[in-house]
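**Q** Please work out how this folds:
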Amino acid sequence: MIVFLAPDAQREAEELPATMRARLGDVISRLEQWPAVSGHKPMTGEWRGHYRIRMGDWRVIFRVVSPKVIVVRIAHRSKAYDG
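**A** Okay, here's the model as predicted:
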């Protein structure tokens, strides 16, 4: 799959601490192997149709629109699920 970062996610990625930025690269590599991605969880409520992957205390929220995986949010867990 091709992985895209939405504009907001791109901005959030640029603001990540250096260690998390390196881990984000690993997560993106994993997402390229969709659907053979371990550790993803489907989301509910207003995030229905999206998935999330933990990255330590950070969350990567994405949706799949075949043939693309679109990362829509990268945020600390305390703020990741805010609308």
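**Q** neighbouring strands for the host helix or strand of residue 53, and are they parallel or not?
**A** If you go by DSSP states H and E, residue 53 is part of strand 51-55. Strand 51-55 has its sheet partners listed here by DSSP bridges as strand 40-42 (antiparallel), strand 58-65 (antiparallel).
**Q** May I see those organised as a markdown table, with distance to residue 17 and mean pLDDT added?
**A** Every residue, glycine included, has its C-beta placed from N, CA and C. Output for the strands paired with strand 51-55, formatted as a markdown table (distance: least, CB to CB, whole Å; pLDDT from 0 to 100):
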| stretch | distance to residue 17 | mean pLDDT |
| --- | --- | --- |
| strand 40-42 | 23 | 95 |
| strand 58-65 | 9 | 96 |
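**Q** right, and those strands - which one's nearest residue 51?
**A** Among the strands paired with strand 51-55, the nearest to residue 51 by CB to CB is strand 40-42 (4.6 Å).
**Q** Name the residue most distant from the centre of the protein?
**A** residue 45 (17.3 Å; CA atoms, centre = their mean).
**Q** any idea how far residue 49 is from residue 27?
**A** 19 Å (CB to CB, to the nearest Å).
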